[in-house]
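1. 3D model of this:
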Amino acid sequence: MSKKYNNKYFILRHGEALSNKKEVCSCWPEKFRNPLTLKGRRQIKEAAKRIKTKGIDFIFASDVLRTRQTAEIVGKALGIKPVYDKRLREYNVGIFNGQTIKSFRKFLPAAGMKRFRNKPPKGETYADVKKRMLDFLKEIDKRYSQKNILIISHQVPLVLLEGAVKGFSNQEIVEKYFTKEEKKIKTGELRKLY
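-> Numbering: from 1, shown residues only. Down below sits the predicted model:
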């Protein structure tokens, strides 16, 4: 571990959304209505049962529709009102927002270090995403002590945060999370962060 935190953290990726099914990039601002699918809602209802056993005190979530819907389902199950934070938003793919994932990957391949250094026009790098996620975590960790906190976000931001908390270098994050399918956080997946 890279440091000791004051709280216990859990991360949850939103449930399956329309963009996952259609393999379309969807970040902020949202270019189309991108709600959870029926499968996504089921995934989150199942996840909420597991989350109930974690003694969660606070829920923080991205303010994008699919994460808001995820947070609402979990919040209702736990009796906790979610707090939305724009730092937890999806990786900004800039001009590729609303385009196919395939077209974005042609421009900037998924595996490798390029995404840490290069950004799509009007978008951000993985380094930018990692920084905003860590800034969020540092702020929350100063604000609370000995709480169980759930963070609801998106695949790329969550794995960048998890890798950083585990003390991995950017190269190790790429090798561990972006080149191995089984290490990627799946829709509706809950993990203990710290």
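2. kindly tell me how buried residue 136 is, as a neighbour count.
-> 19 (other CB atoms under 10 Å). To be clear about C-beta, it is placed using only N, CA and C from the backbone, and glycine gets the same treatment.
3. quick check: pLDDT value at it.
-> With respect to pLDDT, residue 136 scores 98.
4. doesn't it lie inside a helix?
-> Yes. Judged by DSSP: H, G, I helix; E, B strand; the rest coil, residue 136 forms part of a helix.
5. and it, what does it touch?
-> Residue 136 sits next to 60, 85, 87-88 when contact means CB atoms under 8 Å, 6 or more residues apart in numbering.
6. same question for residue 24.
-> For residue 24, the contacting residues are 18, 32, 98-101, by CB under 8 Å, 6+ apart.
7. same thing but 7 Å
-> Residues near residue 24 by CB atoms under 7 Å, 6 or more residues apart in numbering: 98-101.
8. thinking again about what came up before, taking the contacts of residue 136, tell me the two that lie furthest apart.
-> 60 and 87 (9.3 Å; CB to CB).
9. ok, residue 113 to residue 188 distance?
-> Distance of residue 113 to residue 188, given as CB to CB, to the nearest Å: 29 Å.
10. so those two - more neighbours on which side?
-> For the pair residue 113 and residue 188, the greater number of neighbours falls to residue 188 (22 against 14), based on other CB under 10 Å.
11. so the more buried one touches residue 48, yeah?
-> No. With contacts counted by CB atoms under 7 Å, residue 188 stays clear of residue 48, the gap being 9.8 Å.
12. ok, and the closest non-adjacent residue to residue 124?
-> Distance criterion CB to CB, 6 or more residues apart in numbering; nearest residue to residue 124, sequence neighbours excluded, is residue 92 at 4.5 Å.
13. the one you found looks like it's in a helix, true?
-> No. Counting by three-state DSSP, residue 92 is not found in a helix; it is coil.
14. that one: what's it in contact with?
-> 27-28, 123-124.
15. pLDDT wise, what is it at?
-> The model reports residue 92 with a pLDDT of 97.
16. got it, and residue 181?
-> Looking at residue 181, its pLDDT reads 71.
17. leaving out chain neighbours, which residue sits closest to residue 81?
-> Once flanking residues are discounted, residue 81 sits nearest to residue 75: 6.0 Å by CB to CB, 6+ apart.
18. quickly note the distance from that neighbour to residue 97.
-> Using CB to CB, one gets 27 Å for the distance from residue 75 to residue 97.
19. so which residues of the protein form strands?
-> Along the chain, counting by DSSP state E, strands occupy 8-13, 58-61, 83-84, 148-153, 190-192.
20. distance to residue 169 for these - can I get that in JSON lines?
-> Below are those laid out as JSON lines (distance: least, CB to CB, whole Å):
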{"stretch": "strand 8-13", "distance to residue 169": "20"}
{"stretch": "strand 58-61", "distance to residue 169": "26"}
{"stretch": "strand 83-84", "distance to residue 169": "31"}
{"stretch": "strand 148-153", "distance to residue 169": "22"}
{"stretch": "strand 190-192", "distance to residue 169": "20"}
